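Visitor: below is the sequence, then the predicted model.
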Amino acid sequence: MMRIRQGLPRPPMRHGAGAGLAGLMIGLLSGVLALPASAASGTYRIYEGDSVIGTPFYVKTSAEHTLLDIGRYYGSGYDEMKQANPSVDVWVPGDNQDVLVPDFHVLPNAPREGLVMNLAEKRLYYYHSPTEVEVFSVGIGREGWETPVGTYSVIEKIKDPTWTPPASIRAEYEKRGETLPPVVPAGPDNPLGAYAMRLSNPSYLIHGTNKPWGVGMPVSSGCTRMYPEDIEALFPKVKTGTTVRIVDQPYKVGWRGDQLFLEVNLPDGQSPSNPRQVIPSRYAQADDVTLDWNEVQRTLEDNSGLPRLVGSRQGTKSWHKLESVF
């Protein structure tokens, strides 16, 4: 039975992104995993030519924990846990239920340096180098207050920040009958949490939060929220001047060894694009690439947020069998 203790360190991120299909199948089919008593954070290794990292795995629930408790322990946010477990009740998953932890990602199509945030998946990538990356779930701007796409840099790092609500946010609170002070001091009531990094678009921050269950959702006024333990780990590693690229890529396609994966992260209610528009022509028209267009269509319709195997390079065998796992 899985036991979760709030505040425990996260289990190690999966190494061996180039392990290929065999390693992925072992991770999925070796049985339901129990939560370790202690754990330490780590990095994903990216092998040459690969764009897929991690391995999804199952854990058993215990009655006192929500799906969000489980997600936070493993560093996953609200939307991705809900996408990966559509039949599991978010608030009362029950006892001894199988829950899929979606520790499996196609890297965004962006330079592998500094910080890369993909709004579509509500995920932040911190590249130690082109071959090592850490991944964090984040909360982003809600409708009408969207986090802006673009290339920025970190211009300031602040421990124990105060918050000066802009006039627009104070007006929004007043409509709800709430009054914000001109300045909110550092402490447990500060929505910025204990750490903040200001971007070169100075109205926008990457910061902690005093409402961690908003991580993984589009709920902010444009800034990027991180779990308190995640921003605490990331803050000392990121130097002033670090590049921050914010992209919006609901469709990501990448190789893991000789297998081609598609990951889809669409907002609820949005219809997917035509499969022929999703798969880049460099794959669709390549003589040595075999694509399963039916699987591409299923991946688009399922919108699970998990990479699905949709093709292979010439000479690969049995690649099509992975679809039955999900």
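Guide: Looks like it came in fine.

Visitor: what's the following helix or strand after the helix-or-strand element of the chain with minimal mean pLDDT?
Guide: Here the helix or strand of the chain ranked lowest by mean pLDDT, DSSP states H and E is helix 20-29, holding a mean of 38. Toward the C-terminus, helix 20-29 is succeeded by strand 44-45 as the next helix or strand (DSSP states H and E).

Visitor: other SSEs contacting that next one?
Guide: Judged by 3 or more C-beta pairs under 8 Å, 6 or more residues apart in numbering; DSSP states H and E, strand 44-45 is in contact with strand 52-54, strand 132-141. Placement of C-beta: from N, CA and C, glycine included.

Visitor: mind listing the strands the longest one pairs with, and their directions?
Guide: This points to strand 132-141. strand 44-45 (antiparallel), strand 123-129 (antiparallel), strand 218-220 (parallel), strand 224-226 (antiparallel) (DSSP bridges).

Visitor: helices along this structure, start to end?
Guide: In the chain, the helices defined using DSSP state H lie at 20-29, 67-73, 78-84, 167-175, 228-234, 275-278, 281-284, 293-302.

Visitor: now render the ones you listed as TSV, adding distance to Met217 and mean neighbour count.
Guide: Shown next, in TSV, are these (distance: least, C-beta to C-beta, whole Å; neighbours: other C-beta atoms under 10 Å):
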stretch	distance to Met217	mean neighbour count
helix 20-29	27	16
helix 67-73	10	23
helix 78-84	5	22
helix 167-175	18	12
helix 228-234	15	20
helix 275-278	25	15
helix 281-284	32	13
helix 293-302	20	17
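
Visitor: tell me which of the ones you listed sits nearest to Pro267.
Guide: Of all these, helix 78-84 sits nearest to Pro267, with 9.2 Å by C-beta to C-beta.

Visitor: against which helices or strands is the closest one packed?
Guide: helix 67-73, strand 98-101.

Visitor: can I get that helix in CSV, CA atoms only?
Guide: The C-alpha trace of helix 78-84 is given here as CSV (Å, rounded to 0.1, in the frame of the first residue of the first chain):
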residue,chain,number,x,y,z
TYR,A,78,-3.5,18.9,-11.3
ASP,A,79,-4.2,18.8,-15.0
GLU,A,80,-1.6,16.1,-15.9
MET,A,81,-2.7,13.8,-13.1
LYS,A,82,-6.3,14.2,-14.2
GLN,A,83,-5.4,13.6,-17.9
ALA,A,84,-3.4,10.5,-17.0
